[in-house]
Each structure stands twice: as C-alpha cells, then as structure tokens.
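Visitor: no sequence on hand, only this structure:
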C-alpha cells in the first residue's frame, strides 16, 4: 500500500517537529497522508506565490 509506506516515513518526520508533538498517532497519520516531502539545497530560497497559497487553502 503506497499511502501506508509514505505515512510511516512521514510520521517519523512529523514526530520530530515540535508543533505536531501533541497530536495522537491517528492525527499524525492523517497529516502524513496529506503531506509530501521535499529536499532543498542549503541557502536555497523557498517561496510560494499567493495564488498557489490561496488555492491550497480553499
């Protein structure tokens, strides 16, 4: 199952982020399912256009 292997990897990452520390294991799994990992180079500028951000929030 693709979602499960992605979720297991992501849960380890989510557990290391303090803001997610109070989530239950079930909540962490839900967050893991809707997120994706990305890698960035050191000092790389990370931006998101407002139009992309707005469409993701609605």
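Guide: Received the coordinates, thanks. Predicted model, so just to flag it, every value in this text is computed and none were measured. Numbers count the residues shown, from 1 in each chain.
Visitor: drop to CA atoms for contacts and neighbour counts, all remaining ones
Guide: Will do.
Visitor: okay, how far is it across stretch 12-23, tip to tip?
Guide: 13 Å (Cα to Cα, to the nearest Å).
Visitor: secondary structure element for residue 30?
Guide: Using DSSP states H and E, residue 30 sits within helix 25-34.
Visitor: which other helices and strands does that helix contact?
Guide: Counting contacts by 3 or more Cα pairs under 8 Å, 6 or more residues apart in numbering; DSSP states H and E, helix 25-34 is packed against helix 2-15.
Visitor: quick one on the thing from earlier: for the helix holding residue 30, buried residues please.
Guide: 28, 29, 31, 32, 33 (16 or more other Cα atoms under 10 Å).
Visitor: shaky segments in this protein?
Guide: 1-9, 49-58 (pLDDT under 70).
Visitor: which pair of the buried residues of helix 25-34 spans the longest distance?
Guide: Based on Cα to Cα, the longest span within the buried residues of helix 25-34 runs between 28 and 33 and measures 8.7 Å.
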